[in-house]
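>>> Here's a sequence, model it:
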Amino acid sequence: MSEMTALNTGSNDKMMTRHYGRIWLKVILWIYGLLVAVSVVGSGFKMVVGGNAAELFNFANNAFLALIAGTLATALVQSSSTVTSIIVGLVAGGLPVHMAIPMIMGANIGTTITNTVVSLGHMGCNKEFKRAFAASTIHDFFNYLAVLIILPLELMTGFLSKLSLSIAEMLVGGQDMSMNFNIVKFLTAPAEDIVKGFANLLPDATLGGLAMIAFGIFLIFSAVVRLGKLLKKVMTGRAKNVLEKSIGRGPVSGIASGAAMTVMVQSSTTTTCLMVPMVGSGLFTVRQVYPVTLGANIGTTITAILAATAISADAAMPAMTIAMVHLFFNLFAVAFIYGIKPLREIPLYAADKLADLAVKRKAYAFAYLALAFFVVPALAILVTQ
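Here you go, the predicted model:
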């Protein structure tokens, strides 16, 4: 009997190994697809605009409008990883970095809508709903505050773009890129050439470029969604254990675990959405999960950095620069806002007061979602045109 049990256990272990092996193979293939997609978007953008990218995006010379565009796009797509990867591709195709910076910041704001929607599931119990809604909107208010502080500083001094450019130069080899061998570009070039071949069959270069952009965006979206689902199958359990063990051990542990979990599952939304029901049920407090939210902001930047590695030599510098902007924006926001106690308390206070209003009248919760993520951004775009 024990021999049969041992045989069954061994057989099950082999089946699980094969199962996880297939999942990890799919993960690798979808990462490859993401890298190809970003490169395709950049090449397609170049075909459409030639050397006139700045003129095409003159509307975004208004930093506020670029910020709103990033927010609205991410709220609609429901993935900051998708939007930031697309922005990296556009920068590689000629979109100026200074125009892309507010868009990247807007993506941070737009991604927070999902966990706020998750909190609505606790509406049946006022106590749970108050905790859950506060836990979800603290992410919103932190990101609003980060943009209010850092975007004006960047517009006045350019400190983010300068620092990011310096780091990008170290990572990709300085301004003289022609002698460097990019292994990622070498691997993705054959697939990109196939897409270009189909695009060149179209009667006009502009149409071909638009077709490449559309295909690239579709592939980016598909890759991010599929990667999230695959990684959740193999990593969410472990990531959740990391989260539960680290919460309550202090802010540094919380930030580190939030970043690690987000890298593991490739989704800041997954990280923050896992926390909302934990707080709603009373397992943790809003203050305890606050640092984890900040870590999720940092962890999600890995996607843009990964995407930038697929860019060809002539465009690698601006692509890596905007990816570094995304990283340093979140690092500085965490260090500056969370590191200064009066600033640290603002998101907690705002989330708590909004949760009080939402508990009194549930319509306020829906009104907040509609206004913050769709109505105000759409009106801002219309007014500034």
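>>> Could you check which helix or strand contains residue 25?
helix 2-49 (DSSP states H and E).
>>> For residue 123, see how far away residue 69 is.
Going from residue 69 to residue 123 by C-beta to C-beta, to the nearest Å gives 32 Å. C-beta coordinates here come from the backbone N, C-alpha and C atoms, glycine included.
>>> When the two are compared, which one has more neighbours?
When residue 69 and residue 123 are compared for neighbours, residue 69 comes out ahead with 24 against 15, by other C-beta atoms under 10 Å.
>>> Got the confidence number for the more buried one?
We have a pLDDT of 83 for residue 69.
>>> element containing the residue nearest to it when sequence neighbours are not counted, please.
Take residue 69 and drop its neighbours on the chain: the residue closest to it by C-beta to C-beta, 6 or more residues apart in numbering is residue 103, 5.9 Å away. Using DSSP H and E, residue 103 sits in helix 97-110.
>>> Pull out the buried residues from the helix or strand containing residue 316.
Element membership of residue 316 [criterion: DSSP H and E] is helix 313-333. For helix 313-333, the buried set under the neighbour-count rule, 16 or more other C-beta atoms under 10 Å, comprises 313, 315-330, 332-333.
>>> Stretch 199-214 too?
199, 208, 209, 210, 211, 212, 213.
>>> Residue 40: neighbour count?
That count, for residue 40 with other C-beta under 10 Å as the rule, works out to 29.
>>> who's in contact with it?
89, 192, 195, 212, 213, 215, 216, 219 (C-beta atoms under 8 Å, 6 or more residues apart in numbering).
>>> Now with 6 Å, please.
With contacts defined as C-beta atoms under 6 Å, 6 or more residues apart in numbering, residue 40 is in contact with 192, 195, 212, 216.
>>> What is the nearest of those residues to residue 62?
residue 216 (26.2 Å; C-beta to C-beta).
>>> after whichever strand or helix holds that closest one comes which helix or strand?
Assigned by DSSP H and E, residue 216 falls within helix 205-246. Per DSSP H and E, the first helix or strand lying C-terminal to helix 205-246 is helix 251-265.
>>> Excluding chain neighbours, give the residue nearest to residue 226 in space.
residue 30 (4.9 Å).
>>> So what's the residue count around the one you found?
22.
>>> what does the one 4 residues further on give?
Per other C-beta under 10 Å, the neighbour tally for residue 34 reads 27.
>>> thinking it is in contact with residue 223, fair?
Yes. Using C-beta atoms under 6 Å, residue 34 is in contact with residue 223, at 3.9 Å.
>>> can you list residues touching both of the two?
Contacts common to residue 34 and residue 223, judged by C-beta under 6 Å, 6+ apart, are absent.
>>> still on that earlier bit, just checking, what packs against the helix holding residue 103?
helix 63-77, helix 80-92, helix 126-157, helix 313-333 (3 or more C-beta pairs under 6 Å, 6 or more residues apart in numbering; DSSP states H and E).
>>> Pull up the gap between the nearest residue to residue 315 once chain neighbours are set aside and residue 203, please.
Leaving aside its sequence neighbours, residue 315 sits nearest to residue 92 (C-beta to C-beta, 6+ apart; 4.0 Å). As judged by C-beta to C-beta, residue 92 and residue 203 stand 26 Å apart.
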